[in-house]
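S.K.: Structure for this input, please:
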Amino acid sequence: MNTIKISFKILIFLSVLSCTSPKKEDLTPQKYMDEVLDIIEKNSIRRDSVNFKHLKGLINEKLKTIDSIEACYPLIEYTLTELKDHHSIFMPKAQKAKWESTSKTKTINELITFSGKTLNNNIGYISMKGFNSGDSISIQTYADSLQSTIKSIDHKNIKGWILDLRKNTGGNCWPMLAGVGPLLNEGICGYFIDRKHKKSSWFYKNGETGMDSTIITKISKTPYKLINETPCIAVLTSSKTCSSGEVVTVAFRNKKNTKSFGEPTAGLTTGNTQFDLSDGSAIFLTTSIYADRKGVVFGGKINPDELLTEPSVFTELHEDPVIKRATEWIYEKH
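M.R.: Prediction:
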């Protein structure tokens, strides 16, 4: 059986869902896989593409030779590959524990995967790489620090902002959205649409971000508001802009005074929901696709408004043709 080869960096989680599951002391490989298959069959956006009767027969046959929960892990990975959504992942217990305690294992510099500066003394520039953590302390540090960086750059002569997502390989979208909130303005900035066509909105408001009426990440200090609350914003994307990086990309689509530049994104514009399993592991299952604030549905690559080829080599920001074109556009708007 082939196993999934997806990096944890592309992870996006919507919410943690619990389900009725066997007690730990009663857990057997059969009960464990029944739990897994039940979650997938009920919630996967691709459930209708899988013959679950046939799949369960294959799994049950394999279970005859399995005597531990850990030996079930390849079966879970195989099942997720059969969905062919190219996004669902399985996170074993040890990996999940590490992911939920990054503040204990990483330095501040490793957690702050973004940088900011002023270009030409009048353009704010934020480069956001992926943020891969489910640790509450790390999440808070990231979101607060990103807003603080935006605040430190902002001044009355700023004509516009460049948000560079070309190296954003994904992770956890909520601290990204909360941190970049001052550029988003307040309100609904996108939707997750499930297989039954139900729409769940994602929002930024007063330093808070989340789904529908549920707050998931919140700035711990007074949230920052730009001096010019409706600036021109250029969003830069590439083929490395993936998953949660694409959430941020979609959040700026169809936003007033905003234009995107660069290359099409990776195409993982689908949302994963976290389902915790009885042994402490988790499945991050693809349960939805993205739509922007006006309801435009994606599900594949996001094409920029202005297509520009990513340079193979450049040494300074001012030599980057994508940044140069974004800068020109901002000046054209003034």
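S.K.: the bottom helix or strand of the protein by mean pLDDT?
M.R.: Using mean pLDDT, DSSP states H and E, the weakest-scoring helix or strand in the chain turns out to be strand 13-17, at a mean of 56.
S.K.: Tell me the helix or strand right after that strand.
M.R.: Sequence-wise, the next helix or strand downstream of strand 13-17 (DSSP states H and E) is helix 29-43.
S.K.: what packs against that next one?
M.R.: If contacts are counted by 3 or more Cβ pairs under 8 Å, 6 or more residues apart in numbering; DSSP states H and E, helix 29-43 sits against helix 52-63, helix 73-83, strand 270-276, strand 282-292. Placement of C-beta: from N, CA and C, glycine included.
S.K.: So residue 195 sits against residue 42, correct?
M.R.: No - counting by Cβ atoms under 8 Å, residue 42 is not a contact partner of residue 195; they are 10.5 Å apart.
S.K.: Between these two, point out the one with more neighbours.
M.R.: Neighbour tally, residue 195 and residue 42, criterion other Cβ atoms under 10 Å: the higher count belongs to residue 195, 15 against 12.
S.K.: Neighbours of the nearest residue to the more buried one once chain neighbours are set aside, how many?
M.R.: Spatial nearest neighbour of residue 195, chain neighbours left out: residue 45 (4.7 Å); criterion: Cβ to Cβ, 6 or more residues apart in numbering. Under the neighbour criterion other Cβ under 10 Å, residue 45 is assigned a count of 24.
S.K.: do residue 257 as well
M.R.: 12.
S.K.: Residue 114 now?
M.R.: 22.
S.K.: In contact with it: list those residues for me.
M.R.: By Cβ atoms under 8 Å, 6 or more residues apart in numbering, the residues touching residue 114 are 126-129, 142, 145-146, 149, 179.
S.K.: mind running it again at 6 Å?
M.R.: Residue 114 sits next to 128, 146 when contact means Cβ atoms under 6 Å, 6 or more residues apart in numbering.
S.K.: Which strand residues bridge it?
M.R.: residue 128 (DSSP bridges).
S.K.: Looking at the helices and strands packed on helix 29-43, which is nearest to residue 93?
M.R.: With Cβ to Cβ as the measure, strand 282-292 is the member of those nearest residue 93 (8.5 Å).
S.K.: How about residues contacting the closest one?
M.R.: Applying Cβ under 6 Å, 6+ apart, the contact partners of strand 282-292 are 11, 13, 43-45, 85, 87-91, 96, 190-194, 250, 253-254, 269-276, 297-299.
S.K.: Give me the buried entries from the residues you listed.
M.R.: Buried members of the contacts of strand 282-292, scored by 16 or more other Cβ atoms under 10 Å, are 11, 13, 43-45, 85, 87-91, 96, 190-194, 250, 253, 269-276, 298.
S.K.: mind checking how far residue 203 is from residue 166?
M.R.: 25 Å (Cβ to Cβ, to the nearest Å).
S.K.: Would you map the helices across the chain?
M.R.: Along the chain, counting by DSSP state H, helices occupy 29-43, 52-63, 73-83, 93-99, 102-105, 108-111, 136-153, 173-179, 181-184, 244-251, 321-332.
S.K.: Let me have the fifth one in PDB, keeping just the CA atoms, if that works.
M.R.: Coordinates of the C-alpha atoms in helix 102-105 are reproduced here as PDB (Å, rounded to 0.1, in the frame of the first residue of the first chain):
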ATOM      1  CA  THR A 102       6.000  24.000  19.400                       C
ATOM      2  CA  SER A 103       6.500  26.800  21.900                       C
ATOM      3  CA  LYS A 104       8.600  24.300  24.000                       C
ATOM      4  CA  THR A 105      10.700  23.100  21.100                       C
END
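S.K.: Pull out the buried residues from it.
M.R.: By 16+ other Cβ under 10 Å, the buried positions in helix 102-105 come out as 102-103.
S.K.: Measure how far that helix is from the centre of its chain, please.
M.R.: Taking Cα atoms, centre = their mean, to the nearest Å, one finds helix 102-105 lying 20 Å from the centre of the chain it belongs to.
S.K.: likewise the fourth one?
M.R.: Its chain's average C-alpha position is 18 Å from that of helix 93-99, according to Cα atoms, centre = their mean.
S.K.: and that helix, what's its mean pLDDT?
M.R.: On average, the pLDDT along helix 93-99 is 93.
S.K.: So for that helix, what gets flagged as buried?
M.R.: Buried positions in helix 93-99, judged by neighbour count with 16+ other Cβ under 10 Å: 96, 98-99.
S.K.: Dump it to CSV, restricted to CA.
M.R.: Output of helix 93-99 as CSV, limited to C-alpha atoms (Å, rounded to 0.1, in the frame of the first residue of the first chain):
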residue,chain,number,x,y,z
LYS,A,93,0.2,10.6,18.1
ALA,A,94,3.9,11.6,18.5
GLN,A,95,3.7,14.1,15.6
LYS,A,96,0.5,15.6,16.9
ALA,A,97,2.0,16.0,20.4
LYS,A,98,5.0,17.8,18.9
TRP,A,99,2.8,20.0,16.7
